[in-house]
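*Asks:* here is my input; please provide its structure:
(chains A and B)
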Amino acid sequence: MLQAAPMAKENVWGGGRSPYNVSYGKMMIWFFLLSDALTFGALLISYGTKRFFSAVWPDANQVFKSFPFLEGNDLPLLFVSLMTFILIMSSVTMVLAVHAGHYGDKKNVAVWLLWTIIGGICFLGCQAWEWTHLYGECNGLWGAFTTENMPFDSFQGFFNMHSPAVADIVVHHSKVAQEASHQFFNYFFTITGFHGAHVTSGVIFNMVILINVVNNTYQKRGHYEMVEKVGLYWHFVDLVWVFVFTCFYLL
Amino acid sequence: MSAHNQNESVQALYEGDQSKLYSGVMAHHTDVNSPESKAQVKKIWKIFWILLFITLIEVTIGMFFSKAMPIGIRNFGFLALTVVKAGYIVAVFMHLGDELKNFMITVLVPLVLFVWFIIAFLADGNYWLWINKDSPVHAKYEQVIKK
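*Replies:* Numbers count the residues shown, from 1 in each chain, chains lettered A, B, ... in the order given. Below is the predicted model of the structure:
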């Protein structure tokens, strides 16, 4: 079963070896991520569908233009760029931890994992600030725009009022604009919340494996594959953010 | 990266742990300062700079040029850049590019479902607009999307 080198070119599917050359655990984390990708995909596509249905839609440059300690200034997309940078950075530190794990380099695995955890916590802190800020802007999280016939003042700030056609709809068909605000923020809080829950669990997994690394669990086992598996999850979280970023902040 | 290569010394290290067969220790990865290791680290940082650069392009377009560009071209550009970023993350950071081709296909093919998913829902959106074509908002919607 284990004389792998001589039989490398022989029957791949004949049994006795993994045709994929990956362990069971690693294959299963890939399949888990695949199913998770379908969940996130469904959420984002249903957001896109609702947007497609509506005559007007909140403008990202209007909704996301605040920065901590610089409130009141018009700084579109700056804060979310910082969040994106933090998450990409933490993905790099994670892949460096996985790389050190391939070489059994315990010290570097621990150091890079620690940086990854710090990055994850910074991202969650940013998200907490953004949610708090939007809570103030909307007077609520989910369902803040469900009161019937709200005055257009309560949501006009989210739209690009410089466009005459948009301004006309917001003012004269405010019900349409209210419905759009309702959809936009419900999807925003649901999708970024679901993503934030993934980041939170990722940080917890990272902490657990950091404790194991420090306690020599993987040194005794002879390999750091668990770091690789948690790393896959962490990169997936970064991957989802790439799509969330495009769908909510850019398009 | 050859983290998944097997070799003859497998027997001694196996000890009933299947994961050992496929992990780096089995491929004689012992020296983290070897040229091979350093080349891999260099590659990781290179991908980081590429991802950062693409994100900066996206943010610059989003901040300053998104109102001035035709909406179709802008959206296509954003989606293309997103897919490029996703490709780099999956291929290099998640090491899918280093797996066997069989495995890559198994993981990626189910995602083809999204092609149907997106087309079906956009068609539904089109239909909705069509059945509401007589509403007063609709005429203005035409102006909005053609701004």
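
*Asks:* the residue lying closest to A:Ala167 once chain neighbours are set aside in helix, strand or coil?
*Replies:* Nearest residue to A:Ala167, sequence neighbours excluded (C-beta to C-beta, 6 or more residues apart in numbering or on different chains): A:Met161, at 4.6 Å. Any C-beta I mention is one placed from the backbone N, CA and C, and that applies to glycine too. Classification of A:Met161 by DSSP: H, G, I helix; E, B strand; the rest coil places it in coil.

*Asks:* just name the shakiest helix or strand of chain B by mean pLDDT.
*Replies:* Least confident helix or strand of chain B, by mean pLDDT, DSSP states H and E, is helix B:10-14 with a mean of 50.

*Asks:* where does chain B have low pLDDT?
*Replies:* Chain B contains residues with pLDDT under 70 at B:1-30, B:136-147.

*Asks:* buried ones in the biggest helix by length in it?
*Replies:* Determined from DSSP state H, the single longest helix within chain B is helix B:35-60. Residues B:37, B:40, B:44, B:47-48, B:51, B:54-55, B:58-59 are the ones in helix B:35-60 that count as buried (16 or more other C-beta atoms under 10 Å in any protein chain shown).

*Asks:* which strands and helices sit next to that helix?
*Replies:* Secondary-structure packing of helix B:35-60 (3 or more C-beta pairs under 8 Å, 6 or more residues apart in numbering or on different chains; DSSP states H and E): helix A:78-102, helix B:71-88.

*Asks:* tell me the most buried of these?
*Replies:* Comparing those by mean neighbour count (mean count of other C-beta atoms under 10 Å in any protein chain shown), helix A:78-102 comes out on top with a mean of 23.

*Asks:* counting by contacts, list what that one packs against.
*Replies:* By 3+ C-beta pairs under 8 Å, 6+ apart, helix A:78-102 packs against helix A:106-138, helix A:225-244, helix B:35-60.

*Asks:* nearest to A:Tyr187 among those would be which one?
*Replies:* Evaluated with C-beta to C-beta, the helices and strands packed on helix A:78-102 place helix A:225-244 nearest to A:Tyr187, the distance being 10.5 Å.

*Asks:* tell me how far the closest one lies from the chain's centre.
*Replies:* Distance of helix A:225-244 from the chain centroid (C-alpha atoms, centre = their mean, to the nearest Å) equals 9 Å.

*Asks:* and stretch B:36-49, by the same measure?
*Replies:* Using C-alpha atoms, centre = their mean, the offset of stretch B:36-49 from its chain centre is 18 Å.

*Asks:* and what of stretch A:124-142?
*Replies:* Relative to the centre of its chain, stretch A:124-142 is centred 16 Å away, using C-alpha atoms, centre = their mean.

*Asks:* one more: stretch B:61-78?
*Replies:* Centre-to-centre, stretch B:61-78 and its host chain are 21 Å apart (C-alpha atoms, centre = their mean).

*Asks:* what does that stretch rub up against?
*Replies:* With contacts defined as C-beta atoms under 8 Å, 6 or more residues apart in numbering or on different chains, stretch B:61-78 is touched by A:60-61, A:76-77, A:160, A:246, A:249-251, B:58, B:145, B:147.

*Asks:* next one: A:Lys9, what pLDDT does it get?
*Replies:* We have a pLDDT of 54 for A:Lys9.

*Asks:* just to revisit the earlier point, can you put the buried residues of helix B:35-60 in a markdown table and add distance to A:Lys107?
*Replies:* Output for the buried residues of helix B:35-60, formatted as a markdown table (distance: C-beta to C-beta, whole Å):
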| residue | distance to A:Lys107 |
| --- | --- |
| B:Ser37 | 14 |
| B:Gln40 | 18 |
| B:Ile44 | 18 |
| B:Ile47 | 24 |
| B:Phe48 | 22 |
| B:Leu51 | 27 |
| B:Ile54 | 32 |
| B:Thr55 | 31 |
| B:Glu58 | 36 |
| B:Val59 | 36 |
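
*Asks:* for stretch B:114-130, buried residues please.
*Replies:* Across stretch B:114-130, burial judged by 16+ other C-beta under 10 Å covers B:117, B:121, B:125, B:129.

*Asks:* can you add secondary structure and give those back as a markdown table?
*Replies:* Output for these, formatted as a markdown table (three-state DSSP):
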| residue | secondary structure |
| --- | --- |
| B:Phe117 | helix |
| B:Phe121 | helix |
| B:Gly125 | helix |
| B:Leu129 | helix |
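
*Asks:* closest one of these to A:Met94?
*Replies:* B:Phe117 (29.3 Å).

*Asks:* that closest one and A:Ser46, how far apart?
*Replies:* B:Phe117 sits 10 Å away from A:Ser46, going by C-beta to C-beta, to the nearest Å.

*Asks:* what number of residues lie near A:Thr192?
*Replies:* Neighbour count of A:Thr192, defined by other C-beta atoms under 10 Å in any protein chain shown: 18.

*Asks:* that one contacts A:Gln127, doesn't it?
*Replies:* Yes - using C-beta atoms under 8 Å, A:Thr192 is in contact with A:Gln127, at 6.7 Å.

*Asks:* ok, and the closest non-adjacent residue to B:Phe48?
*Replies:* B:Phe48's closest residue in space is A:Val92 (C-beta to C-beta, 6+ apart), at 4.7 Å.

*Asks:* great, nothing more from me.
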